[in-house]
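Trainee: Next comes the sequence, and after it the predicted model I'd like to discuss.
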Amino acid sequence: MLFSSTTFLFLFLPVVLILYFISPRFLKNSILLGASLFFYAWGEPVFVLIMLFSILINYIFALIIDSNRNKRKLTKWILTLTIIANLLLLGIFKYANFVIDNINSIFNLSIDIPMIALPLGISFFTFQGLSYVIDVYRKDGKVQKNPLNIALYISLFPQLIAGPIVRYQTVAEQITRRKETLKKFAEGSKRFIMGLAKKMLLANNCGWVADQVFSQPTHELSMGLAWIGIIAYALQIYFDFSGYSDMAIGLGKMFGFEFLENFNYPYISRSVTEFWRRWHISLSTWFRDYLYIPLGGNRGTTFQLYRNIFIVWLATGIWHGASWTFIAWGVYYGILIMLEKAFLLKLLEKIPLILQHIYTILAFLIGWVFFRSETFSYAFNYLGTMFGLNGNQIWDSNASFYFTQYGVIILLAVIISIPVFPYVQNKINKFLVGKGTVINVSADIVISFGYYILFLITIISLVSTTFNPFIYFRF
C-alpha cells in the first residue's frame, strides 16, 4: 500500500486513526501492530511470514543475550549468530539470484534456481531487527519481554517499507510510554502533507523527465539533454525519498512517536563527506555505529582507517541492491571520502565556496548516473555525453522541449531543495515575536490554510496520475 494512494489516505489511515484514538491505552499498540501487518500484507500477503520470522528470531536471540549477561563469551556467539541469521535472510531474498548469475557467468555453469521475489522493505526491517539485538547486547536499550512490542517496533507501518531506519535505542521508551497531543498531531499532519506534496508534485514530474531521458540510447542524447536528465533524476530521488521520510516522520508524530530526521538539505553540501552527513542520515549513522566503529573507526593505523571506510562503503553499495552498478556507486563514494580524508578537505577549505559547491554537485551527479544506469556501458557512455566526449550534439530539439515544458518545475524543485523556505519562515517568526496574540493567531490560520490548499492540489494530482511507487521500495 502506498502513502500516496487514495486507499491509504481516505480509507486505511482514517480508520486506523479512529480505532487508535478511541481505544484504551493498553490496546493502542495492538491496534498499531494489527494495522501495520495489514498494511504490509495488502500487496504481498505471503511476505508477511518472512517479516514475522525475522521478528521472531530477533526476539528470541535478544532474550537469550539478556538472560546470559554474565556469560560474555556465549552472548558474543549469540550476537554473531544473530547477525549471520539476519544477513542470511537478506542474502537469500535479495542477492541469491545475483550471486548465482555471476557464478554461472564466471565459471560458464548453468546453475538454475527459481527467481526469488524481493519482499518490500526487507533491507529496512532487517537492519531494524539487527539494531534491536545489538542495542540490547550493548545495553543501549532494554529487552522487550512482550513479543508484540518488538513486533510493533520492526513492523510499524509509517517507516516499514522505506525508512527512515529507526534505531531501537531511539524509540525503546516510546513503544511503551509515549504521549499523543493535539499539537503533535497537527505538526505530524503538516509534515505528512509536505512529504506527500514533494512526492506527487515534484518527484513524479522530475521522475517523468528522467525516465524519458534515460530510456533513450546514449548516442541519441545531446549534451544538454543528458544534463537535464541527470539533474531531473537527482531531484526525483531526493524529493521521492525525503518525501517518504517526511510522511513517515509525520505519521509517527500523529501516533505519538518521535523519529529522527533523515535528510538535511544534502544538495547544499560543500564536500562529499558533508553530503553523506545530510543524505539518508539514518543509514549513514547505522553503518557508522554498527559497522565502522566496531571495525575500529578512525583508530589504528592509516591503512586500517581506509580499510574501514572501504568496507563501509562497499557494504553501502551492496545494501542498495544486487547490481554491480550499485556496488560501483558505493565504492565510488568510498574512494571520494578516502581522498577527502587524505587531502581534499584541506584543499577545499582553501578555495571559494562556489567552487566547493560545484565540486560536490558534480560528485553526486556522477554518482547518480551509476545509481540510475542498468549497466556500466550505459553509465560511462552517459557520462561521456554529459562532458562532451562522445561527439554528440550540444543541444537539440528534445533538450529544448524538456527545458521549455519542464524547466519551471525543475527550477522550483531546485529552489525547494535548498533551505529557502526555512529561511523565510524563520524571518517571519522573528517578525511575529511580540506582535500580539491576534496577529500570531491570524498567521497560524493563514499557514494552516496554505497547507489545506497544498493538500487539495496534491490530491488533485494524485487522482489524475497512474501508479508511481517510491524509488526506495526496491531496496
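Mentor: Done, it's in.
Trainee: When you work out contacts or count neighbours from here on, use the C-alpha atoms and nothing else.
Mentor: Fine.
Trainee: so how far is the lowest-mean-pLDDT helix or strand in the chain off the chain centroid?
Mentor: The element with the least model confidence among the helices and strands of the chain, by mean pLDDT, DSSP states H and E, is helix 420-432, at a mean of 75. Taking Cα atoms, centre = their mean, to the nearest Å, one finds the center of helix 420-432 at 28 Å from the center of the full chain.
Trainee: again with stretch 117-127
Mentor: The gap between the average C-alpha position of stretch 117-127 and the chain average comes to 13 Å, counting by Cα atoms, centre = their mean.
Trainee: what comes into contact with it?
Mentor: Residues external to stretch 117-127 that are found in contact with it (Cα atoms under 8 Å, 6 or more residues apart in numbering): 44, 47, 51, 54, 86-87, 90, 93-94, 154-155, 160-163, 165, 319, 473-475.
Trainee: Sort out for me which of those are in helices.
Mentor: Mapping these onto helices (DSSP state H) picks out 51, 54, 86-87, 90, 93-94, 154-155, 319.
Trainee: out of the residues you listed, who's nearest residue 337?
Mentor: Residue 337 lies nearest to residue 319 out of the ones in helices among the contacts of stretch 117-127, by Cα to Cα, at 18.2 Å.
Trainee: Nearest residue to the closest one in space, ignoring adjacent ones along the chain?
Mentor: Nearest in space to residue 319, with sequence neighbours left out and distances taken as Cα to Cα, 6 or more residues apart in numbering, is residue 123 at 7.1 Å.
Trainee: Next, work out how far apart that neighbour and residue 168 are.
Mentor: 16 Å (Cα to Cα, to the nearest Å).
Trainee: Same check on residue 307?
Mentor: 28 Å.
Trainee: who's more crowded, those two?
Mentor: Set side by side, residue 307 and residue 168 show unequal neighbour counts under other Cα atoms under 10 Å, the larger going to residue 168 at 25 against 17.
Trainee: hang on, that one packs against residue 132?
Mentor: Yes. If you go by Cα atoms under 8 Å, residue 168 and residue 132 touch, sitting 5.1 Å apart.
Trainee: Would you mind listing the residues touching both of these two?
Mentor: Here residue 168 and residue 132 have residue 141 as joint contacts, going by Cα under 8 Å, 6+ apart.
Trainee: can you give me the helices for the stretch 101-250 of the chain?
Mentor: If DSSP state H, counting those that start in this stretch is used as the criterion, the helices of the stretch 101-250 of the chain fall at 122-138, 147-155, 168-176, 182-197, 204-214, 223-254.
Trainee: Where among those helices is average confidence lowest?
Mentor: For the helices of the stretch 101-250 of the chain, the stretch scoring lowest in mean pLDDT is helix 168-176; its value is a mean of 87.
Trainee: by contact count, what packs against it?
Mentor: The helices and strands touching helix 168-176, judged by 3 or more Cα pairs under 8 Å, 6 or more residues apart in numbering; DSSP states H and E, are helix 122-138, helix 147-155.
Trainee: Between the ones you listed, which one is closest to residue 375.
Mentor: For those, distance to residue 375 was read as Cα to Cα. The smallest value, 22.6 Å, belongs to helix 122-138.
Trainee: Identify each buried residue in the closest one, please.
Mentor: 122-137 (16 or more other Cα atoms under 10 Å).
Trainee: same thing with stretch 456-465?
Mentor: Using 16+ other Cα under 10 Å as the burial criterion, the residues of stretch 456-465 that qualify are 458-459, 462.
Trainee: Same check on stretch 338-351?
Mentor: Using 16+ other Cα under 10 Å as the burial criterion, the residues of stretch 338-351 that qualify are 338, 340, 345, 348.
Trainee: Could you find the closest non-adjacent residue to the third one?
Mentor: In space, not counting the residues next to it along the chain, residue 345 is nearest to residue 271; the distance is 7.4 Å by Cα to Cα, 6+ apart.
Trainee: I'd like to know how far the one you found sits from residue 354.
Mentor: Residue 271 sits at a distance of 11 Å from residue 354 (criterion: Cα to Cα).
Trainee: can you check residue 428 too?
Mentor: Note on residue 428: its distance to residue 354, by Cα to Cα, is 28 Å.
Trainee: Compute the mean per-residue pLDDT across stretch 51-59, please.
Mentor: For stretch 51-59, the mean pLDDT works out to 94.
Trainee: about what we covered before: do you know how far the residue nearest to residue 319 is from residue 90?
Mentor: The value you get for residue 123 to residue 90, if Cα to Cα is used, is 7 Å.
Trainee: where in this structure is pLDDT low?
Mentor: Scanning the chain for pLDDT under 70 picks out 163, 432-443, 466-469, 471-475.
Trainee: and residue 139, how many residues sit next to it?
Mentor: 12.
Trainee: Begin at 44 from now on, thanks
Mentor: I'll keep to 44 as the first residue from here, and by that count the last item is residue 182.
Trainee: tell me the contacts of it?
Mentor: Taking Cα under 8 Å, 6+ apart as the definition of contact, residue 182 has no neighbours.
Trainee: Which of the residues in the helix or strand hosting residue 109 are classified as buried?
Mentor: Assigned by DSSP states H and E, residue 109 belongs to helix 91-110. Of the residues in helix 91-110, those with enough neighbours to count as buried (16+ other Cα under 10 Å) are 91, 94, 97-102, 104-109.
Trainee: circling back: determine which stretch of the helices of the stretch 144-293 of the chain is the most buried.
Mentor: By mean neighbour count, with neighbours taken as mean count of other Cα atoms under 10 Å, helix 266-297 ranks first of the helices of the stretch 144-293 of the chain at a mean of 25.
Trainee: got the phi/psi numbers for residue 200?
Mentor: Backbone torsions for residue 200, taken as degrees, to the nearest 10, come to phi -60, psi -30.
Trainee: Okay, and the closest residue in space to it that isn't next to it in sequence sits in which element?
Mentor: Across the structure, with Cα to Cα, 6+ apart as the measure, the residue nearest residue 200 apart from its sequence neighbours is residue 79 (4.5 Å). Under DSSP H and E, the secondary-structure element containing residue 79 is helix 68-84.
Trainee: Identify the residues contacting residue 204.
Mentor: For residue 204, the contacting residues are 163-165, 167-168, 516, taking Cα under 8 Å, 6+ apart as the criterion.
Trainee: contacting residues for the residue nearest to residue 388?
Mentor: For residue 314, the set of contacting residues under the criterion of Cα under 8 Å, 6+ apart consists of 388, 391, 399-400, 402-403.
Trainee: Equivalent analysis for residue 84, please.
Mentor: Under the criterion of Cα under 8 Å, 6+ apart, the contact list for residue 84 reads 90-91.
Trainee: Next, format the helices and strands packed on helix 211-219 as TSV and append distance to residue 300.
Mentor: Converted to TSV, those look like this (distance: least, Cα to Cα, whole Å):
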stretch	distance to residue 300
helix 165-181	16
helix 190-198	11
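Trainee: Nearest to residue 66 among the ones you listed would be which one?
Mentor: Shortest separation from residue 66 across the helices and strands packed on helix 211-219 is recorded for helix 190-198, at 16.6 Å, computed as Cα to Cα.
Trainee: what's the angle between that closest one and helix 165-181?
Mentor: 130 degrees (axes from the mean of the first three to the mean of the last three Cα atoms, to 10 degrees).
Trainee: got the contact list for helix 190-198?
Mentor: Under Cα under 8 Å, 6+ apart, the answer for helix 190-198 is 72-73, 75-76, 79-80, 94-95, 98-99, 102, 168, 171-172, 187, 203, 211, 214, 218-219.
Trainee: now with 6 Å?
Mentor: Applying Cα atoms under 6 Å, 6 or more residues apart in numbering, the contact partners of helix 190-198 are 76, 98, 168.
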